[in-house]
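Peer 1: Below is the sequence, then the predicted model.
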Amino acid sequence: MKLILIGAPGAGKGTLSVPLKEKLGIPTISTGDLLRDAIANQTEEGIQAKSFMDRGALVPTEVVFEMLKKRLQEPDAKNGYILDGFPRNLEQVKLLESYTDIDYVIDIEIGLDVILERLLGRRVCPKCKYIYNTSWGGDSVHCAKCGAEYITRSDDNEETITKRYNLFVEETEPVIDHYKKLGKVIEIKSSESEEVKKQAFDALGIN
Ligand code: AMP
């Protein structure tokens, strides 16, 4: 199965991707993670991408799509995958459609107020990608899964979050409309992770 997770930054795409990939046995491929790994490894693409990411802008599509195609050719992706963060505009939809067919698009709807609250408290494990939120209490320094020290993403600050949200409304909402016309969209209306998972699993018939 080939899925796209779509939603504003902080909607919970990364969180939903965990039970989905476990249940379906296919990898989650996040273009944001691919780009952050490229920055950490100081590759050519990472160096090009960093300034765009730090200011909440989109990285040029050709850079992202080349990285994505390489990742999609790895053996673990041969039976399908869950795309998180791609496509983000209609130009990227066109490229993806020229490359492969997608089965469903899961659209997680959420307001800017919830997003801000969530992303300002978001911490990410750089090693295993586990996502933690300071509002949950407990150890806010060490990853609950692997013990590495959490980091705060450099683009999780109020100014950049607002920019990324506006970019989502302008550029990514037309992507949802496109897939709605094709009858591929599963709409999720919740900000509570268990409920998001339930609605997605029910719609996909994978309970
Ligand atoms: P994310 O982890 O999906 O929130 O992405 C973080 C940042 O990476 C975005 O704000 C963009 O700067 C960049 N990025 C991720 N995916 C894409 C994409 N498909 N196209 C362009 N830029 C992207």
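Peer 2: Received it, and whenever you're ready, just let me know what you need.
Peer 1: Excluding chain neighbours, what is closest to the residue in the chain that the ligand sits nearest to?
Peer 2: Per CB to the nearest ligand atom, residue 32 is where the chain lies closest to the ligand, at 2.0 Å. For glycine as for every other residue, the C-beta is placed from the backbone atoms N, C-alpha and C. Excluding the flanking residues, the one nearest residue 32 by CB to CB, 6 or more residues apart in numbering is residue 85, at 4.8 Å.
Peer 1: Geometric centre of this structure: which residue is closest?
Peer 2: residue 84 (3.4 Å; CA atoms, centre = their mean).
Peer 1: So which bits of the chain are right by the ligand?
Peer 2: Residues of the chain lying near the ligand by CB under 6 Å from any ligand atom: 9, 31-32, 35, 52-53, 56-59, 64, 85-86, 88, 92, 155, 164.
Peer 1: my guess is the residue of the chain closest to the ligand is in a strand, correct?
Peer 2: No. Counting by DSSP: H, G, I helix; E, B strand; the rest coil, residue 32 is not found in a strand; it is helix.
Peer 1: Just give the number of residues close to it.
Peer 2: When neighbours are defined as other CB atoms under 10 Å, residue 32 has 19 of them.
Peer 1: same check, this time on residue 81
Peer 2: Residue 81 has 23 neighbours, counted by other CB under 10 Å.
Peer 1: Ok, residue 48 next?
Peer 2: The tally of other residues near residue 48 (other CB under 10 Å) stands at 15.
Peer 1: before we move on, what SS does it have?
Peer 2: Residue 48 ends up helix, using three-state DSSP.
Peer 1: elements contacting the helix or strand harbouring residue 94?
Peer 2: Following DSSP states H and E, one finds residue 94 within helix 90-99. Here helix 90-99 touches helix 61-72, helix 173-181, going by 3 or more CB pairs under 8 Å, 6 or more residues apart in numbering; DSSP states H and E.
Peer 1: pLDDT averaged over it - what is it?
Peer 2: Helix 90-99 carries an average pLDDT of 97.
Peer 1: same check, this time on stretch 188-203
Peer 2: 92.
Peer 1: what does the lowest-mean-pLDDT helix or strand in the chain contact?
Peer 2: Lowest on mean pLDDT, DSSP states H and E among the helices and strands of the chain sits helix 112-120, with a mean of 91. Residues outside helix 112-120 that contact it (CB atoms under 8 Å, 6 or more residues apart in numbering): 8-11, 133, 135, 156-158, 161-162, 165, 191.
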